[in-house]
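Visitor: Give the three-dimensional model of this entry:
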Amino acid sequence: MKIAAAPGSLRANVVAFLSELYEGDTQRGRRFRYGLLAFDIATVVFIIGTSFIQRNLVIEALDFVIGFAVLADFLSRMIISQHRMRDLAHPTTWADIIAIASFLAPLSSEGAGFLRILRTVRLLKAYHLLARLREDLPVFRRNEEVIIAIVHLVVFIFVMTGIVYESQHYRNPGIANYVDALYFTVTTLTTTGFGDITLSGTPGRLISVVVMIAGVTLFLRLAQVLFRPTKVRFDCPQCGLQRHDPDAVHCKACGIILNIPDEGI
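Guide: Predicted coordinates for the structure are as follows:
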């Protein structure tokens, strides 16, 4: 006679399964995390695309589907978390909560769903995904810092575009859709400042200041990564120095032999 599994065993199996998907080094876990990253990107594309379409039942239904998917992902992360209170205090967790609320109650804060892209940064910064990207994609391995710098810049542009749109499209005739908000964000960030679209009032001026200061900082960071001498990432086994010349034999900091692997000739 087959004995049913105890509730405790069922919970342990669920936790083990979710841990494999989110943190495991199995093929299934890696595919899942890549799929999650693709879902994040598709969600951002959906938000941008539907901003030009009049709200209808199909879009509302897709909002709820995405909202429940994000909610399931959020709850799964909380189930396997070893430090739930610390994770709940993290800004990316609050970005998830805002995204869930905006998708499940789209009329209240449609633009807040744009903050969903913050999760992409968290995924790219996660150890397992970075390790898998380095192993699977030589292009990523050679240009990791450039790619991460570009991602941070794009995320900032998207987030500020969402904030500009949500705070201005009801009161500012110059911000009719996301393209207008994106146009203002980019022209302000690059200090081009054509002046055809401006944000009025103290909140609008503060948003402009944030875009200019933070945007220029991110641009400078990207330029620094692009134009500094090429280095390879390899952890020195003795002192931990990570960046070395491509043909380095010894660590510049401690002198130990490095044995940096290469991809052949």
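
Visitor: use CA for all of it now, contacts and neighbours both
Guide: Will do.

Visitor: How much space separates Arg77 from Asp245?
Guide: Distance of Arg77 to Asp245, given as CA to CA, to the nearest Å: 39 Å.

Visitor: That should have said Leu133, apologies.
Guide: 22 Å.

Visitor: What residues of stretch 61-72 count as buried?
Guide: Across stretch 61-72, burial judged by 16 or more other CA atoms under 10 Å covers Asp63, Phe64, Ile66, Gly67, Val70, Leu71.

Visitor: Let me see the mean pLDDT of the strand or helix carrying Gly35.
Guide: For Gly35, the enclosing helix or strand under DSSP states H and E is helix 27-50. Average pLDDT, helix 27-50: 84.

Visitor: same question, stretch 153-164
Guide: 83.

Visitor: Surely Glu20 is in contact with Gly29?
Guide: Yes. Between Glu20 and Gly29 a contact is recorded at 5.7 Å, counting by CA atoms under 8 Å.

Visitor: What residues of the helix holding Gly35 count as buried?
Guide: Within helix 27-50, the residues that count as buried by 16+ other CA under 10 Å are Gly29, Arg30, Arg33, Leu36, Leu37, Phe39, Asp40, Thr43, Val44, Phe46, Ile47, Ile48.

Visitor: Isn't the second one up against Leu21?
Guide: If I follow you right, that is Arg30. Yes. Using CA under 8 Å, Arg30 is in contact with Leu21, at 7.3 Å.

Visitor: where do the helices sit along the stretch 51-200 of the chain?
Guide: With helices called from DSSP state H, counting those that start in this stretch, the stretch 51-200 of the chain shows them at 57-80, 84-88, 91-104, 118-125, 127-136, 138-142, 144-168, 178-189.

Visitor: after the last one, next one along is what?
Guide: Read that as helix 178-189. Following helix 178-189 in sequence, per DSSP H and E, is helix 201-227.

Visitor: after that next one comes which helix or strand?
Guide: Using DSSP H and E, the helix or strand that directly follows helix 201-227 along the chain is strand 232-233.

Visitor: any idea how far stretch 148-159 is from the chain center?
Guide: Stretch 148-159 sits 8 Å away from the centroid of its parent chain (CA atoms, centre = their mean, to the nearest Å).

Visitor: What would that stretch look like as CSV? C-alpha coordinates only.
Guide: The C-alpha trace of stretch 148-159 is given here as CSV (Å, rounded to 0.1, in the frame of the first residue of the first chain):
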residue,chain,number,x,y,z
ILE,A,148,26.9,45.6,-17.4
ALA,A,149,27.6,49.4,-17.8
ILE,A,150,25.3,49.5,-20.8
VAL,A,151,22.6,47.6,-18.9
HIS,A,152,22.8,50.0,-16.0
LEU,A,153,22.4,53.0,-18.3
VAL,A,154,19.5,51.5,-20.2
VAL,A,155,17.8,50.5,-16.9
PHE,A,156,18.2,54.1,-15.7
ILE,A,157,16.7,55.5,-18.9
PHE,A,158,13.7,53.1,-18.8
VAL,A,159,13.0,53.8,-15.1
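
Visitor: picking up where we left off before, angle of the helix holding Gly35 against helix 178-189?
Guide: Interaxial angle of helix 27-50 relative to helix 178-189 (axes from the mean of the first three to the mean of the last three CA atoms, to 10 degrees): 100 degrees.

Visitor: which intervals of the chain have sub-threshold pLDDT?
Guide: The chain contains residues with pLDDT under 70 at 1-8, 51, 106-128, 229, 262-265.

Visitor: what domains does the record give for it?
Guide: Split into domains by automatic domain parsing, the chain comes to 7-142, 143-228, 230-265.

Visitor: Could you give the separation between the terminal residues of the second one?
Guide: Okay, so that is domain 143-228. The first residue of domain 143-228 is 12 Å away from its last residue (CA to CA).

Visitor: Contact partners for Ala149?
Guide: Contact partners of Ala149, counting by CA atoms under 8 Å, 6 or more residues apart in numbering, are Leu218, Arg221, Leu222, Val225.
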